[in-house]
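In: below are the sequence and a predicted model; questions follow.
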Amino acid sequence: MTLSVSGLGAVRSGRTILHPTSLEIASGDRIGLVGASGSGKSTLGHALIDDLRAQGRGVAHVPQSPDEALDPLRSLEFHWNEAELALKAPPDADRRKRLLSALKIAGGDLGKRPWGWSRGMQQRFVIAMALIGSPELIVLDEPTSALDPVIAADTMDLLESHLNGTGTATLLITHDLGLAARRVSRLMVMDEGRVVEAASTQDLLECPRTGAAKSLCAHRSWLAVPC
Ligand SMILES: Nc1ncnc2c1ncn2[C@@H]1O[C@H](COP(=O)(O)OP(=O)(O)OP(=O)(O)O)[C@@H](O)[C@H]1O
Ligand SMILES: [Mg+2]
């Protein structure tokens, strides 16, 4: 079923940082939200999550860094149990094993605190937690920017193969056009708090229309990045 929001906006300290924005996301969509730093991508991501949750829709969020999602004083097992509780998902050891295996971290010791795992493993753990409730949409805000390019590519591959055929849509927020170009079928470009351009990935890369899209596309070195 299509997810639909209209009139999203945000004002901070008297400044409009997100102008009225409406979006439709279909089941299984792979959308990229790109734009320069400070263009309002995370603000739109948060507004989207809040609005959809208020509608009762299942939306998960993967932040840029595992530090934002994991408490350094709590074990990974504690985090998993809390996530199940928050999602009202009855504890299910098989589901946990399946999701951790899907992200190739089933061998990790859940009794450890986050810093007992590498950052790559921590971020995969956060992504696995996001999958517990089989959400309709996962908003991934720079999910791999703290990882090396090979681990980043692996992590995105694992997530994609797990989501294949599930109907879960993804919104990938990034200023890395190289990452987005390889992962999504549709791109939205933000500039100064507005979505200024939206097109299929191929059309946007071949024929960017706005200054913001042109300047992102101008950095052709992104073709060399493996993720
Ligand atoms: N709480 C706040 N108070 C004042 N200004 C804010 C606040 N949160 C965000 N902003 C401003 O709003 C603008 C958009 O911020 P946002 O974090 O959404 O950008 P972004 O595109 O996600 O950037 P990045 O790529 O660096 O993560 C920025 O200019 C930022 O400084
Ligand atoms: Mg951001």
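Out: Cool, got the structure. Ligands and ions are numbered 1, 2, ... in the order given.
In: burial of Met129, as a residue count?
Out: 25 (other Cβ atoms under 10 Å). The C-beta positions use only the backbone N, C-alpha and C, and glycine is treated the same way.
In: pretty sure it is in a helix, no?
Out: Yes: membership of Met129 in a helix is supported by DSSP: H, G, I helix; E, B strand; the rest coil.
In: what's stretch 51-64 in contact with?
Out: The contact list for stretch 51-64 (Cβ atoms under 8 Å, 6 or more residues apart in numbering) reads 3, 5, 8, 45, 48-49, 69, 123, 126-127, 130-131, 133-143, 145-146.
In: buried ones only from the residues you listed, please, as a ChimeraX command.
Out: In ChimeraX, a selection of the buried entries from the contacts of stretch 51-64 looks like this (16 or more other Cβ atoms under 10 Å):
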select :3,5,8,45,48,49,69,123,126,127,130,131,133,135,136,137,138,139,140,141,142,143,146
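In: now, the contacts of stretch 51-64 that are in strands?
Out: Under the assignment DSSP state E, these contribute 3, 5, 8, 137-141 to strands.
In: let me know the closest of these to Ala26.
Out: Proximity of the ones in strands among the contacts of stretch 51-64 to Ala26 (Cβ to Cβ) peaks at Leu3, which lies at 7.9 Å.
In: how near is the closest one to ligand 1?
Out: 20 Å (Cβ to the nearest ligand atom, to the nearest Å).
In: and that residue, what are its bridge partners?
Out: Beta bridges link Leu3 to Ile25, judged by DSSP bridges.
In: and it, what does it touch?
Out: Leu3 touches 23-26, 52, 57, 136-137, 169, counting by Cβ under 8 Å, 6+ apart.
In: which of those residues sits closest to Ser118?
Out: For the contacts of Leu3, the minimum distance to Ser118 (Cβ to Cβ) is 27.8 Å, reached by Leu137.
In: does that closest one touch Leu172 like I think?
Out: No: assessed by Cβ atoms under 8 Å, Leu137 is found out of contact with Leu172, at 11.3 Å.
In: how about the strands in this structure?
Out: So, for the chain - with DSSP E - the strands run 3-12, 15-25, 30-35, 59-62, 137-141, 169-174, 186-191, 194-200.
In: is it possible to get a markdown table of the ones you listed that adds distance to Asp109 and mean pLDDT?
Out: Shown next, in a markdown table, are the strands of the chain (distance: least, Cβ to Cβ, whole Å; pLDDT from 0 to 100):
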| stretch | distance to Asp109 | mean pLDDT |
| --- | --- | --- |
| strand 3-12 | 37 | 97 |
| strand 15-25 | 37 | 97 |
| strand 30-35 | 33 | 96 |
| strand 59-62 | 22 | 96 |
| strand 137-141 | 26 | 97 |
| strand 169-174 | 29 | 96 |
| strand 186-191 | 39 | 97 |
| strand 194-200 | 43 | 97 |
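In: now render those as a markdown table, adding distance to Leu100.
Out: As requested, the strands of the chain are arranged in a markdown table below (distance: least, Cβ to Cβ, whole Å):
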| stretch | distance to Leu100 |
| --- | --- |
| strand 3-12 | 27 |
| strand 15-25 | 27 |
| strand 30-35 | 24 |
| strand 59-62 | 16 |
| strand 137-141 | 17 |
| strand 169-174 | 20 |
| strand 186-191 | 30 |
| strand 194-200 | 34 |
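In: quick one, which of those is nearest to Ala180?
Out: Of the strands of the chain, nearest to Ala180 by Cβ to Cβ is strand 30-35, at 3.4 Å.
In: my read: Gly45 touches Ile138, true?
Out: No: the pair Gly45 / Ile138 is not scored as a contact, 10.8 Å apart, by Cβ under 8 Å.
In: fine by me, thanks again.
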